[in-house]
Structure formats: structure tokens, C-alpha cells
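> sequence and predicted structure below; questions after.
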Amino acid sequence: MSEFLELEARDGVRMTWNVIPGTKQDAASCVVPVSAMYTPLNPNPAIPVLPYAPLRCRICRSILNPFSVADFGSKMWLCPFCFQRNHFPQQYSAVSQSNLPTELYPECCTVEYMAAAEAGPVSPPVFLFVVDTCMIEEEIGYLKSALAQAVELLPDHSLVGFITFGTYVQCMNWVLACCLSHMCSRGQRRLRRIKFLSKWVSLQGKQNPQQV
């Protein structure tokens, strides 16, 4: 147990399972869905910062990581998610068992990349708070205080969203500064994605759900 707690403290990530299901059948049989809870802006000065762009799988777009299998002879690596074989680019030509890139070290499950200047404008960070309101009134007060503190710590240019769920599911819309609007839905029926987007964009004065 202590091993998992150490990993959580280092990477700022808590997983529901310590093993990812290998098949769809295994995933469907999980009582608790496979998911991860990330700690935004996790203060860990030991996380390495890499001065180059991440190397992505050409099929699923996942990033080279310690769980990727490297073939140093053919200069290729195997994606652990879709099992696609990918070529190492020219800048990785010197990669070998004794000269590993930082991304392949077992202790470097979490790294940061420095975006190149020509990569274009950086999108603002997005924070979506999903809040369970099924609690006693005293706990609601603590929750409000914690959320207010969390919002105060966010960067000024952040995009922030709130979804609350209890008897109803409510999605807050802060597009209009003059008034707060929200969409409310009962949790007794499944709402199709395209129908939800159609209703949501109508609150923002947009015509095309794909703009969201």
C-alpha cells in the first residue's frame, strides 16, 4: 500500500486500479470504472522538464512513456495502449539501452514538456469542477469554502466550469457576465450527447453544437 501512496505523492495521480484491463470484457466486468484523479498544479519540484515536444504514437496519439517497449536495433518503440510500432525520429538516433531518453526511465512517469515557440498560441488551462451535493448542510458549507479557495488559486486566464449533481444534474453557464444561467436535468434518464450540446449551445447563442 505504501508503494502506491508514494507514487500518488510523486505524480499527483490516483488510479482506481493499479492494472489496466487488457480486454473490453475485463474492462466491462470492473465494478469500479477505470479512471484517474489528477491533482492540478501538483507542487513537485522533482518533476523533470524536457526542452522538446512529446513523441506521440501515430495511431492513438499517446505519448512515449516508461511503459513503452523500445527496440533499439530497429529504432522503433511499441505503444502500450494500441500496440502500434512507431519509428524514433532523427533526434532520437542515439537512443540505446545505455542512453535512454528521460521519458523511458521508470521513475519518470510524469514529466513536463516545454512547448516550442512555433507551436502557436497556448490554450488557457481548463478546470471543470464536478461537485456532489448529496451531503448535510454543515458539509455544504465546508465544500463552498474549499471551492472558493481552489478558484482563488487558479491562474487568472483559466477557463472554469461547474457541474453539480444531487437530485438534479446542473451545468453552470457563465458566458454572460450579467446573469448566470444553467441547464438542469434529472438523473433518471440518459441524455444523448448531441441533444445535450444542442441545448447547451442555445444558451450561448451559437448555432452549431460542434463549436463547443
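The structure has been received and is ready for your questions.
> so what's the residue nearest to the spatial centre of the chain closest to, chain neighbours aside?
What sits nearest the mean C-alpha location of the chain, by CA atoms, centre = their mean, is residue 38, with 7.0 Å. Distances taken as CB to CB, 6 or more residues apart in numbering put residue 13 closest to residue 38, at 5.6 Å, once the chain neighbours are dropped. C-beta: built from backbone N, CA, C; applies to glycine.
> ok, now how distant is the one you found from residue 7?
8 Å (CB to CB, to the nearest Å).
> looking at those two, which is more packed in?
The residue with more neighbours, out of residue 13 and residue 7, is residue 7; 17 against 14, by other CB atoms under 10 Å.
> counting by contacts, list what whichever strand or helix holds the more buried one packs against.
Per DSSP states H and E, residue 7 falls inside helix 2-11. The contact analysis (3 or more CB pairs under 8 Å, 6 or more residues apart in numbering; DSSP states H and E) places helix 2-11 against no helix or strand.
> give the partner strands of whatever helix or strand comes next after it in its sheet and their orientations.
Counting by DSSP H and E, the next helix or strand C-terminal to helix 2-11 is strand 13-15. Strand 13-15 has the following strand partners under DSSP bridges: strand 36-38 (antiparallel).
> centre of the chain versus the strand it pairs with, how much separation?
A distance of 7 Å separates the centroid of the chain from that of strand 36-38, by CA atoms, centre = their mean, to the nearest Å.
> check stretch 40-52 too.
For stretch 40-52, the distance to the chain centre is 16 Å (CA atoms, centre = their mean).
> same check, this time on stretch 147-159
17 Å.
> quick one: mean pLDDT for that stretch?
Average pLDDT, stretch 147-159: 88.
> residues in contact with it?
Outside stretch 147-159, the residues that touch it by CB atoms under 8 Å, 6 or more residues apart in numbering are 41, 124-127, 129, 131, 160.
> which one of the residues you listed is nearest residue 67?
If you rank the contacts of stretch 147-159 by distance to residue 67 using CB to CB, residue 41 comes first, at 24.7 Å.
> how close does the closest one get to residue 68?
Remark: distance between residue 41 and residue 68 (CB to CB) = 27 Å.
> what does residue 153 give?
34 Å.
> between the two, which one's more packed in?
A side-by-side neighbour count of residue 153 and residue 68, using other CB under 10 Å, places residue 68 first with 18 against 9.
> ok, so what distance separates that one from residue 81?
Distance, residue 68 to residue 81, using CB to CB: 9 Å.
> shouldn't residue 150 be within a strand?
No: counting by DSSP: H, G, I helix; E, B strand; the rest coil, residue 150 is not found in a strand; it is helix.
> burial of it, as a residue count?
Residue 150, neighbours per other CB under 10 Å, totals 13.
> equivalent analysis for residue 141, please.
Close neighbours of residue 141, defined as other CB under 10 Å, add up to 11.
> what about it, which SS state?
Using three-state DSSP, the structure places residue 141 in helix.
> list only buried entries from the contacts of stretch 147-159.
Among the contacts of stretch 147-159, the ones that count as buried by 16 or more other CB atoms under 10 Å are residue 127.
> which two in the contacts of stretch 147-159 are spaced the farthest apart?
Across those, the longest distance by CB to CB is 21.5 Å; it joins 124 and 131.
> state the distance from residue 88 to residue 62.
Counting by CB to CB, the gap from residue 88 to residue 62 is 15 Å.
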